[in-house]
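In: After the sequence you'll find the predicted model.
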Amino acid sequence: MIFQGVVSGWLARTYGKKSFQRFYEWLHRTALYGLNTGGPAGEVHQSGEVCLLRRLAVLWADSPVVAFDVGANHGDYLRALLDAFRGHSNVRIYAFEPAAGPFHALNRVIASAPPGVIVESCQLGLGEKDEMRDLFSTGEKDSSVLSSLYSRRLDHFGIRMPNRETVQLTTLDDFTAKKGISRIQLLKLDVEGHELAVLRGAQKMIEKGAIDYIQFEFGGCNIDSHTHFQDFYYFLNDHFRLYRILRDGLFPLPLYRETDEIFTTTNYLAERRTLPVLLNG
């Protein structure tokens, strides 16, 4: 408490002074890393996602599991899923990737699925309605991680996205109805700014409590899709508890704050409110 008081007093004396701006900018960037945003948050093995998957695998050790990997790309997250659920006897994963190049790479990952884990690859994207959309990319080798349904403005990074590929989208509600899927234990979304549209296309499943956990990414892509964390909070809050995913656990976000609008890569977990609190497990 004494240290906190000293720091608070110092900040009060230096607040807003021009001579301290570079220090404050450094402090801001450091704090963002401490909040697990940006940098390693974009890597599945450094972001805390693997830790979360292992925790869920233990939770569901004796239960059937249906997981959706939406925006599977080349399969990095899928590999983590397969490793986490290795040894489980009743797991079905649907991996969605609309782009042709990554889809072929994804199928090579699927071939390594362990016994008891069935993976179905779907050359589809999910969204708010059935439609054909342009998928934008740089066209460079291994650039598909940047591919987006939005023509992103990345000139400040020296990146342009002139290439287009027409892809098919459907809604999660329609897909689950056609497949006869009544419950999803884990819905993972990493669709470069289109996450909110996917959730809107899952309205029926969400309202009937048929999705247990939703993991979604939020960051720079949401600038280009003109979506805010506030949109996610108010869309999900009635049915889910929200957490920021950390490298070693979860941090609860019970209330929305404007300071939550952090447009660098951040991973969040939504937990259905009728479930026991995972944080206490």
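Out: Noted; the coordinates are in hand. Note that the structure is a prediction, hence the values are computed from the model and not measured. Residues are numbered from 1 along each chain as shown.
In: Now stretch 162-175: buried residues?
Out: Within stretch 162-175, the residues that count as buried by 16 or more other Cβ atoms under 10 Å are Glu165, Val167, Leu169, Thr170, Thr171, Leu172, Asp173, Phe175. In this view, the C-beta of every residue, glycine as well, is placed from N, C-alpha and C.
In: what sits up against it?
Out: 68, 70, 94, 98-100, 122-139, 181, 187, 198, 201-205 (Cβ atoms under 8 Å, 6 or more residues apart in numbering).
In: please redo it, this time with the cut-off set to 7 Å
Out: Defining contact as Cβ atoms under 7 Å, 6 or more residues apart in numbering, one finds that stretch 162-175 is touched by 98-100, 124-139, 198, 201-205.
In: now swap in stretch 115-125 and tell me
Out: Under the contact criterion Cβ under 7 Å, 6+ apart, stretch 115-125 has outside partners 82, 85, 88-98, 103, 106-107, 110, 113, 167-170, 191.
In: Okay, and which of those map to helices?
Out: The helices, defined by DSSP state H, take in Leu82, Phe103, Leu106, Asn107, Ile110 from the contacts of stretch 115-125.
In: thinking the third one is in contact with Ala72, fair?
Out: Read that as Leu106. Yes - with contacts defined as Cβ atoms under 7 Å, Leu106 counts as touching Ala72 at a distance of 5.3 Å.
In: More neighbours: which of the two?
Out: For Leu106 versus Ala72, the count of surrounding residues by other Cβ atoms under 10 Å is larger for Ala72: 29 against 23.
In: pLDDT value on the more buried one, please?
Out: Ala72 is assigned 93 on the pLDDT scale.
In: if I look at it, how far off is Gly125?
Out: Distance, Ala72 to Gly125, by Cβ to Cβ, to the nearest Å: 11 Å.
In: quick one: the helices in the stretch 1-150 of the chain?
Out: Assigned by DSSP state H, counting those that start in this stretch, the helices in the stretch 1-150 of the chain fall at 2-14, 21-34, 49-59, 76-84, 100-110.
In: How about the stretch 151-281 of the chain?
Out: With DSSP H, counting those that start in this stretch as the criterion, the stretch 151-281 of the chain has helices spanning 172-179, 195-200, 203-207, 221-224, 229-236.
In: Between the helices of the stretch 1-150 of the chain, which one is closest to Glu261.
Out: Closest to Glu261 of these, according to Cβ to Cβ: helix 21-34, at 12.2 Å.
In: Run through the residues that contact Leu53.
Out: Neighbour list for Leu53: Ala80, Leu81, Ala84 [criterion: Cβ under 7 Å, 6+ apart].
In: what about 10 Å?
Out: Val44, Ala67, Tyr77, Ala80, Leu81, Leu82, Asp83, Ala84, Phe85, Leu186, Lys188, Gln215 (Cβ atoms under 10 Å, 6 or more residues apart in numbering).
In: One more: Arg13?
Out: Taking Cβ under 10 Å, 6+ apart, one finds Phe20 in contact with Arg13.
In: Phe20 versus that one, what's the distance?
Out: Separation of Arg13 from Phe20 (Cβ to Cβ): 10 Å.
In: How about Arg257?
Out: Following Cβ to Cβ, the distance that separates Arg257 from Phe20 is 24 Å.
In: of those two, who's got more company?
Out: Between Arg257 and Phe20, counting by other Cβ under 10 Å, Phe20 is the more crowded of the two (14 against 10).
In: Surely the more buried one touches His28?
Out: No - assessed by Cβ atoms under 10 Å, Phe20 is found out of contact with His28, at 11.8 Å.
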